[in-house]
Each structure stands twice: as structure tokens, then as C-alpha cells.
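Asker: The following comprises the amino acid sequence and a computationally predicted model.
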Amino acid sequence: MVIEDPKRLRLILVVVSLSLMMVISGVSGLNVALPDLALSTGATQNQLQWIVDAYTVTLAGLLFIAGAIGDRFGRRLLLIAGLIIFGGAAAVAFTVSDPTTLIVLRAVMGIGAAAVMPTTLSIITTSFPEERRPQAIGIWVGVAGAGAVLGLLMSGLLLEWFSWSSFFALNVALALVALLGAFTVIPNSVDSDPPALDSIGAILSFLAVAGLVFGIIEGPVSGWVSWQVLVPLSIGLISGVLFVWWESRVESPLLDPRLFKLRGFSTGSASNAIQFFAAFGFFFTIMQFLQFVVGYSPLQAAAAVLPMAVVLIPLARNAPLISQRFGYNRIGSLGLLSLSLGLLILSFTLSTDFSYWAFLGGLVFFGIGMALAGAPATTAITSSLPSSKQGVASAMNDTAREFGSALGIAVLGSVLNSVYRSDVTAAVGDLPQQAAAAIESSIAAAGQIGEQLGPNGAQIIAAANEAFVSGAAGALRVAAAVVVIGALFVFLRAPRRGEH
């Protein structure tokens, strides 16, 4: 249902933007709290990855079926249900401190987020007139990128005065405000002839995402050739192959593989996945580096990356128009190259002798890259499909982002964890086995044990910091390499000026 009233359109955009920011900050904002959470709960580096990634795995694995449910039963209804689930799980998480329980509750929050995220973009594409739609999508993308940084900043502000659990109180507050807006201004819209729900496809897509991420996260802890890693990786890969096979044969697929023959659809999806692979792997890594190694407070760490949002927001709003003028293949690939350059610069600024001004230069290129690559990628996906398929377009756009986020946290977190474990082992050889194992599993434990050892502990802390720096820098360089490959793919494959 297209809305013509400009005032109501602005209110709709505010509500969906707030809902989207809630979902995005649900990933990014927790990164600020990870050091405090690790110190308070005793969570290992592996558990920290799962506390973050349980949310993104569930979110990415359920986006397709959630988008289809919204198309069938109503986007407004699904948005409201998602906000209630998300806010309810966050309210319970506020009261607990056991890492395993937090992992479970974060997964439930991911279910709610999966209902919210594709609905926000579908509401824009079905409510806004065609001439207003590109700018609205640009704002949506700007919120998606800047919301990550704003989530960091809001969490950092809370952590200056409250404990790490205040992050979940923020989630509850955002959900309640968005819920009020959803009840009052969001129109309901459904597809006139929705397809049957593809439950088998939904199960296979979830198993594919969860299996791959589980295996990658567990690799540094259990060993890459252990059954704890090989079994979930095999399940993920087999489920992915079966998903493609099933979707190409079922009458009403969640995702028709033939859509990837559309150049805008395939390159936009790949670009979004790669951007969020880099961005959320970066947030997971850098928030711990700034607090554990540099010694920043949560607020200082969050504020340190804020310039990226200052660059991203205004540029993202106009990026679709720039892309239309010069061609998505040029602007999209240029954005990814800028992102890769930013990551490379950032990787060389990570050291125990940290200089913020060099770090700032990397952030500027990072923000420019996310803006130039992000909004045109989303526009390329949505413009590839007719209005009746906007639920699929929204779900693909969001799934690509969240799958990239989950994979980025898993892959870059595992690079960080592997290098840290390898480098710090030599420094803890003379310690009791229990203390050595704790230091190898967490830089937070290294700080605590080092302080208990007095003057002799300074060497342990220094070695742990150096090991963490090596792991973090290596992770960012891996991300930069992946983004360069994505830039080449977009340049060669994406639509040129005037094409879709």
C-alpha cells in the first residue's frame, strides 16, 4: 500500500529506522561490553564469540522464512511480534550472568531480530512512492551502517556508569519505543497472492549458516581436524548444497537460485555480505583491542570509531544517485576498494604504542567505503525484482548482511583467537597449567592473573598484549583481502550505468 502523505512517510521512516538500529546495535553494541562481560562472568574468548554470534547466526538463518511470513500474514504484524520477542529476551538477559544462559538468550533475541529486519525494508519498498524510494533506501542503509557505530556509542555511555548488563536495558528501551511507533504509524501490507511457505528450505538454510559458523568458531579451541569442527562444517556445507538443490526444484522457493543470474541481485548480495563481514569482524576485534591493550574506557573505545559514522551517514544518503550517474559497477567497486584500504591502514595502526591519528585515517576510508558500497548494493537488489517480490529482495539484502556479520565475527574472531593462542603460549610455559590455560583462552584472564603475580606478571600482560595485537592485525588484513576480491567481482559483474 503506497502512502502519499509526506508527514506519515517521515514517521514511517523514523519507526523503521529505529527498529533497524535496534537490530544492528544488538550486534555492535555488545562488542563494547565484551571486556567488562569477560571480567565479570569469566567468559573465555570462545564464549565471547558465541555470545555475539548466537544472535547473528539465528538472525541470518531465519531471515528468509521471516520475510516470507511477513509477505503472507502482514509486515506490520510481523514487525510487532519481532519487537516483542526481541525486547522480552533482552529483559531476561538483563538479569542473568551465566555465559551459557546469555548465549541461549542472545539466540532468542536473534529470532525477534529476524522478524524485524526484513520487515523494515519491505515496509519502505511497499509504502514509499517510486520516486521517493531510492532516497528512503539510502537513509535505511545509512542507519544500518551508522546504527552499528551509534550502538557502540550508546553502550559506551551506559557502561561509564553501569555494568555490562545495561546493554540489554538499552535493547529493551529501543524495542518499547519502536513498538509504540509500529502500533501507531506503520501500515499493514500483505502480498495479494503469497506463495506457500518453504519450511524445508528454511531448515536447510539455517543448518547451513549455523554449521559453518559453529565449525569456524570452534576451530581454534578444539582443533581444525577434530570431530567437533569437521562435523558441523560438513553439516553446514551439505545443507548449503541441499538448499540450492531443493530451492531449484520446489514450486515456491524461499530463494530461487535463478535470481542470482540477475547481475544487480547477485553483486548487490555479495557486496553486502562482504561489507558486513569486514565491518562486524572489525567491531568485534577493535573494541577488545582498544579496551584491553590501549586501556580505553568503554565510552572512549566507542567514541574512537564514531568518525566513521560521521563520514558514512551523509554520503550514504546520496550514494544511490551517484551510483545511477556513474554506474553501480564503478561506484560499488570503488566503495569496496576504499573499505579495503581503510582496513589495511587500520591493521598497521594496531600496536602497543597506539596512535589515534593514524587510526582516524583508516576510519575515514572505512566510512567512505561502507557508504559508497552499501546503499547502491541494496538498491541494486531491490530494483532487480518487481514490487511483488520485494519481500524476497528485503530478505536477501538482510540475509547477506547478517550472514556476512556472522561469518566475519566467526572467521576474523578465529584468526584473532588462533594467533593469540599461538603467540602467548611461549610466555606462559612456566605457569601452573590452570593459569596457563586461562591466559591462553582469554586476554581478560591474562590481565587478571598478571596483576595477581605482581612485578613478574608485567611480562605476562605485555606478552598477552603483543599476542592480541598480532591476532587483531592479522584478522583485519584477512578482511582487507576478502574485500578486494569482492571489489573485483562487483566491477566485472555488476550492472553498468543505465542497467539493472
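Answerer: Here it is on my side, so go on.

Asker: Helices of the stretch 1-150 of the chain, residue ranges please.
Answerer: Along the stretch 1-150 of the chain, counting by DSSP state H, counting those that start in this stretch, helices occupy 6-41, 45-73, 75-93, 99-127, 133-159.

Asker: Would you mind giving these as TSV with mean pLDDT and distance to V213 added?
Answerer: Glycine gets a C-beta too; all of them are placed from N, C-alpha and C. Listed next are these as TSV, based on pLDDT from 0 to 100; distance: least, CB to CB, whole Å:
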stretch	mean pLDDT	distance to V213
helix 6-41	87	13
helix 45-73	84	5
helix 75-93	94	20
helix 99-127	90	12
helix 133-159	80	19
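
Asker: Buried ones in stretch 307-315, by neighbour count?
Answerer: Using 16 or more other CB atoms under 10 Å as the burial criterion, the residues of stretch 307-315 that qualify are 307-309, 311-313, 315.

Asker: now do stretch 121-139
Answerer: For stretch 121-139, a neighbour-count test (16+ other CB under 10 Å) marks 121-128, 132-139 as buried.

Asker: and the closest residue to N171 other than its chain neighbours, what does it touch?
Answerer: Spatial nearest neighbour of N171, excluding adjacent residues (CB to CB, 6 or more residues apart in numbering): A90 at 3.7 Å. Applying CB atoms under 8 Å, 6 or more residues apart in numbering to A90 gives the contacts 105, 109, 168-169, 171-172, 175.

Asker: out of these, which are inside helices?
Answerer: Filtering the contacts of A90 for membership in helices, criterion DSSP state H, returns 105, 109, 168-169, 171-172, 175.

Asker: pLDDT value on T184, please?
Answerer: pLDDT recorded at T184 is 90.

Asker: Please list the outside residues in contact with the helix or strand encompassing it.
Answerer: For T184, the host element (DSSP states H and E) is helix 166-185. Helix 166-185 is contacted from outside by 8, 11-12, 14-15, 18-19, 21-22, 25-26, 29-30, 32-33, 76, 79-80, 83-84, 86-87, 90-91, 93-94, 109, 154-155, 158-159, 162, using CB under 8 Å, 6+ apart.

Asker: what element comes up after that helix heading to the C-terminus?
Answerer: Next element after helix 166-185 (DSSP H and E): helix 199-222.

Asker: from the middle of its chain, how far away would that following helix be?
Answerer: Chain-centre distance of helix 199-222: 16 Å, with CA atoms, centre = their mean, to the nearest Å.

Asker: Can you dump the C-alpha atoms of that helix in PDB for me?
Answerer: Listed next in PDB are the C-alpha coordinates belonging to helix 199-222 (Å, rounded to 0.1, in the frame of the first residue of the first chain):
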ATOM      1  CA  SER A 199       9.700 -25.000   5.600                       C
ATOM      2  CA  ILE A 200      12.300 -27.500   4.300                       C
ATOM      3  CA  GLY A 201      14.200 -24.600   2.600                       C
ATOM      4  CA  ALA A 202      14.100 -22.700   5.900                       C
ATOM      5  CA  ILE A 203      15.600 -25.600   7.900                       C
ATOM      6  CA  LEU A 204      18.300 -26.200   5.300                       C
ATOM      7  CA  SER A 205      19.300 -22.600   5.200                       C
ATOM      8  CA  PHE A 206      19.500 -22.400   9.000                       C
ATOM      9  CA  LEU A 207      21.600 -25.600   9.200                       C
ATOM     10  CA  ALA A 208      24.000 -24.200   6.500                       C
ATOM     11  CA  VAL A 209      24.600 -21.000   8.300                       C
ATOM     12  CA  ALA A 210      24.800 -22.500  11.800                       C
ATOM     13  CA  GLY A 211      27.000 -25.400  10.800                       C
ATOM     14  CA  LEU A 212      29.600 -23.200   9.100                       C
ATOM     15  CA  VAL A 213      29.800 -20.600  11.800                       C
ATOM     16  CA  PHE A 214      29.900 -23.200  14.600                       C
ATOM     17  CA  GLY A 215      32.800 -25.100  13.000                       C
ATOM     18  CA  ILE A 216      34.800 -21.900  12.300                       C
ATOM     19  CA  ILE A 217      34.300 -20.600  15.900                       C
ATOM     20  CA  GLU A 218      35.300 -23.900  17.500                       C
ATOM     21  CA  GLY A 219      38.300 -24.400  15.200                       C
ATOM     22  CA  PRO A 220      40.900 -22.600  17.400                       C
ATOM     23  CA  VAL A 221      39.700 -24.300  20.600                       C
ATOM     24  CA  SER A 222      39.000 -27.900  19.500                       C
END
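
Asker: list the buried ones in that helix?
Answerer: Going by 16+ other CB under 10 Å, helix 199-222 has these buried residues: 201-221.

Asker: any idea which of the buried residues of stretch 307-315 is least confident?
Answerer: When the buried residues of stretch 307-315 are sorted by pLDDT, the bottom entry is I313 at 78.

Asker: Which secondary structure element is home to that one?
Answerer: Per DSSP H and E, I313 falls inside helix 306-326.

Asker: three-state assignment of P495?
Answerer: Assigned state for P495: coil (three-state reduction, DSSP: H, G, I helix; E, B strand; the rest coil).

Asker: quick one: the closest residue to A487 other than its chain neighbours from Y328, how far?
Answerer: Computed as CB to CB, 6+ apart, the closest residue to A487 that is not its neighbour in sequence is L336, at 3.6 Å. According to CB to CB, to the nearest Å, L336 stands 12 Å off from Y328.

Asker: where does the stretch 301-450 of the chain have low pLDDT?
Answerer: Applying pLDDT under 70 to the stretch 301-450 of the chain picks out residues 388, 391, 429-430.

Asker: Quick one: the strands in it, in order.
Answerer: Applying DSSP state E, counting those that start in this stretch to the stretch 301-450 of the chain gives no strands.

Asker: Contact partners for the residue nearest the centre of the chain?
Answerer: The centroid of the chain falls nearest to S405 when counting by CA atoms, centre = their mean (3.5 Å). By CB under 8 Å, 6+ apart, the contact list for S405 reads 27, 56, 60, 276-277, 279-280.

Asker: tell me the two of these that are most distant?
Answerer: A60 and A279 (14.5 Å; CB to CB).

Asker: higher neighbour count, the two?
Answerer: A side-by-side neighbour count of A60 and A279, using other CB atoms under 10 Å, places A60 first with 32 against 29.

Asker: in stretch 245-259, what counts as buried?
Answerer: The neighbour-count criterion (16+ other CB under 10 Å) identifies 246-247, 253-255, 259 as the buried residues of stretch 245-259.

Asker: domain assignment for the protein?
Answerer: Split into domains by automatic domain parsing, the chain comes to 6-197+252-427+462-493, 198-251.

Asker: Of the ones you listed, which is nearest Q434?
Answerer: Across these, Q434 has its closest neighbour in domain 6-197+252-427+462-493 (12.8 Å, CB to CB).

Asker: Ends of the closest one, what's the gap?
Answerer: 37 Å (CA to CA, to the nearest Å).

Asker: Distance from the chain centre to that domain, please.
Answerer: On CA atoms, centre = their mean, the centre of domain 6-197+252-427+462-493 falls 3 Å from that of its chain.

Asker: so of the domains of the chain, which one's packed in deepest?
Answerer: Mean neighbours per residue, mean count of other CB atoms under 10 Å, is largest over the domains of the chain for domain 6-197+252-427+462-493, with a mean of 22.
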